[in-house]
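>>> Sequence plus predicted model, see below.
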Amino acid sequence: MGKFVPAILVVTYILISASVAAMIFRGGSDGGTAIAALAGTLGCCLAFHAYASQQMAERRIIRDVENVRDAHRLMVDAINSTQKDMIELADRVQNQRTSRSEELTSEVKMLEDLVMKLGESIEDRMNEWKSGPVVVPLRGSPAMNHKEAQALALIETIREALTQNRVDLYLQPVVSLPQRKTIFYESFSRLRDVTGRVLMPAEYLTVADAEGLVPSIDNLLLFRCVQIVRRLAKQDRRIGIFCNISLTSLRDETFFPQFLEFLNENRDLAGSLIFELGQDAFATRASVEARNMAKLADLGFRFSIDKVTTIDFDLQDLHRSDVRYVKVGANLLLEQLLDVEGKPTLKFLKDIHAGDYAGLLARYGIEVIAEKVENERQVVDILDIEIGYAQGHLFGEPRAIKEQVLAETDPPAGFVKSTMPQQGRRRA
């Protein structure tokens, strides 16, 4: 329709001009006057059309200019907003760097204080040992048999591994079922001798416990677990770590206060660190160990039971002691099933279906973890009794963390030596 408007207007102008000329001619004027009137009227119409078109064009231009100005204002506002966001982002990054630097400085200062206190406590212990009678067996003497010589050599190997930082941290995944997503890791310590041979805990723990070296191993393991948890947290990986602790460390009057102080400084990790005890150790704990476990629980830390020989637990005792996980070997767990009238039932609770066992413990706030899972058939049986977590070589063997990461978890200089009893002196 728009393209016909000019033609319609021209025709309209001609008709108006012709009408004016006709009226003048009929009024008695001659033909020349009528033609002049026609031309004049047509000229006036065209002049009016030109004026109206110019005004409309000017208005369009003004409107377009206003639109451009509005767009420019919006663009300026967007640029200002973006610049403000960039400044805030830069400030936030700078503040995070400053905060992280201050946090690291605080941790280092705290560790230095801890080392000093541990050193002072060790000096006291050394003075006490020096004041007592001393027996120093000599190699080759009749009093030393072959086993004693081996024990002394092993003690020396353990001390060298601790002081020369030949202690490796191994992690094994604990997964959820049936997704098989890693939820926790269990930490293990492994010592290496001067030749690089790895010493398993079964080889050295008994001797280390007799020599009072277990707290040193526990402290080093704890320190590295804390650093690993913090490293995972920086990667937004909320994964817990099971960290073994011995009754020796729990009852040691010299080491436990510093142990507790270190955990108090890191109590923000209470949800990520779970301390693990064997079932026999838990059952034989004395009042001192129980009180110290309660002190750890007051800081928010929880406990796990492993090395289980029977799943007939005292659930109320576990709940009171803040035990939140029990690790049961897959074979042991499945051996407790007894087929009664076609229904799998626990041997020691024949009125409870095996599938209700995990739910029974859950009512006391305890999760069951099936460990030592080696094959897929065991997984099927474990799922049948509704166990939610599993651990074993099927899901991943214990692996040493990378040397670069291990170096980042090294304790301050003197940390391990300050937690070790004096070498070469033992009471008779």
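Yep, it's here. Residues are numbered from 1 along each chain as shown.
>>> Which elements pack onto whichever strand or helix holds residue 263?
Assigned by DSSP states H and E, residue 263 belongs to helix 255-265. Here helix 255-265 touches helix 31-131, helix 214-234, helix 247-251, helix 287-298, going by 3 or more CB pairs under 8 Å, 6 or more residues apart in numbering; DSSP states H and E. Just so you know, the C-beta spots here come from the backbone N, C-alpha and C atoms, and that holds for glycine as well.
>>> Average pLDDT for that helix, rounded please.
For helix 255-265, the mean per-residue pLDDT is 86.
>>> quick one: that helix to chain centroid distance?
23 Å (CA atoms, centre = their mean, to the nearest Å).
>>> Using PDB, write out every CA atom in that helix.
The C-alpha coordinates for helix 255-265 follow below in PDB (Å, rounded to 0.1, in the frame of the first residue of the first chain):
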ATOM      1  CA  PHE A 255      52.000 -36.900  73.200                       C
ATOM      2  CA  PHE A 256      48.200 -36.800  73.400                       C
ATOM      3  CA  PRO A 257      47.900 -33.200  74.700                       C
ATOM      4  CA  GLN A 258      49.900 -31.900  71.700                       C
ATOM      5  CA  PHE A 259      48.000 -34.300  69.400                       C
ATOM      6  CA  LEU A 260      44.800 -32.800  70.700                       C
ATOM      7  CA  GLU A 261      46.000 -29.300  70.300                       C
ATOM      8  CA  PHE A 262      47.000 -29.900  66.700                       C
ATOM      9  CA  LEU A 263      43.500 -31.300  66.000                       C
ATOM     10  CA  ASN A 264      41.900 -28.300  67.800                       C
ATOM     11  CA  GLU A 265      43.700 -26.000  65.400                       C
END
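>>> which secondary structure elements does the next helix-or-strand element following that helix contact?
Next helix or strand after helix 255-265 toward the C-terminus (DSSP H and E): strand 273-278. Judged by 3+ CB pairs under 8 Å, 6+ apart, the packing partners of strand 273-278 are helix 214-234, strand 240-244, strand 302-306, strand 323-329.
>>> can you do 7 Å?
Helices and strands touching strand 273-278, by 3 or more CB pairs under 7 Å, 6 or more residues apart in numbering; DSSP states H and E, are strand 240-244, strand 302-306.
>>> a markdown table for those strands, including mean neighbour count, mean pLDDT and distance to residue 11?
Formatted as a markdown table, the helices and strands packed on strand 273-278 follow (neighbours: other CB atoms under 10 Å; pLDDT from 0 to 100; distance: least, CB to CB, whole Å):
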| stretch | mean neighbour count | mean pLDDT | distance to residue 11 |
| --- | --- | --- | --- |
| strand 240-244 | 23 | 91 | 90 |
| strand 302-306 | 22 | 96 | 96 |
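>>> Those: which one's closest to residue 6?
Closest of those to residue 6 is strand 240-244, at 82.3 Å (criterion: CB to CB).
>>> what stretches of the protein score poorly on pLDDT?
1-3, 94-146, 236-237, 337-351, 402-428 (pLDDT under 70).
>>> okay, now the domains of it?
1-133, 135-307+393-419 (automatic domain parsing).
>>> any idea which element residue 189 lies in?
Here residue 189 is assigned to strand 182-192, by DSSP H and E.
>>> from the chain's centre, how far out does that strand sit?
Distance, stretch centre to chain centre, for strand 182-192: 16 Å (CA atoms, centre = their mean).
>>> Just want the angle from it to helix 214-234.
Angle between the axes of strand 182-192 and helix 214-234 is 140 degrees (criterion: axes from the mean of the first three to the mean of the last three CA atoms, to 10 degrees).
>>> So what are the sheet partners of strand 182-192 and their directions?
strand 167-176 (antiparallel), strand 198-199 (antiparallel), strand 240-244 (parallel) (DSSP bridges).
>>> ok, residues contacting it?
Here strand 182-192 makes contact (CB atoms under 7 Å, 6 or more residues apart in numbering) with 158, 161, 166-176, 198-200, 204, 217, 221, 225, 239-243, 389, 391, 398.
>>> Buried ones among these?
Neighbour-count burial (16 or more other CB atoms under 10 Å) is assigned, among the contacts of strand 182-192, to 158, 161, 166-175, 199, 204, 217, 221, 225, 239-243, 389, 391.
>>> before we move on, back to that, need the strands paired with strand 182-192 in a markdown table (columns: distance to residue 310).
Converted to a markdown table, those look like this (distance: least, CB to CB, whole Å):
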| stretch | distance to residue 310 |
| --- | --- |
| strand 167-176 | 22 |
| strand 198-199 | 30 |
| strand 240-244 | 20 |
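>>> how about the ones you listed, which one is nearest residue 91?
strand 240-244 (33.8 Å).
>>> Are there helices or strands packed against whichever strand or helix holds residue 149, and which ones?
Secondary structure from DSSP H and E places residue 149 in helix 146-163. Counting contacts by 3+ CB pairs under 7 Å, 6+ apart, helix 146-163 is packed against strand 182-192, helix 201-210.
>>> Can I get that helix in CSV, CA atoms only?
Listed next in CSV are the C-alpha coordinates belonging to helix 146-163 (Å, rounded to 0.1, in the frame of the first residue of the first chain):
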residue,chain,number,x,y,z
HIS,A,146,69.6,-63.7,67.0
LYS,A,147,66.0,-62.4,67.5
GLU,A,148,67.2,-59.6,69.6
ALA,A,149,69.8,-58.6,67.0
GLN,A,150,67.0,-58.6,64.4
ALA,A,151,64.8,-56.5,66.6
LEU,A,152,67.6,-54.0,67.2
ALA,A,153,68.2,-53.8,63.4
LEU,A,154,64.5,-53.3,62.8
ILE,A,155,64.3,-50.5,65.4
GLU,A,156,67.3,-48.8,63.8
THR,A,157,65.6,-49.1,60.4
ILE,A,158,62.3,-47.6,61.8
ARG,A,159,64.2,-44.7,63.4
GLU,A,160,66.1,-44.0,60.2
ALA,A,161,62.9,-44.1,58.1
LEU,A,162,61.2,-41.6,60.4
THR,A,163,64.1,-39.2,60.7
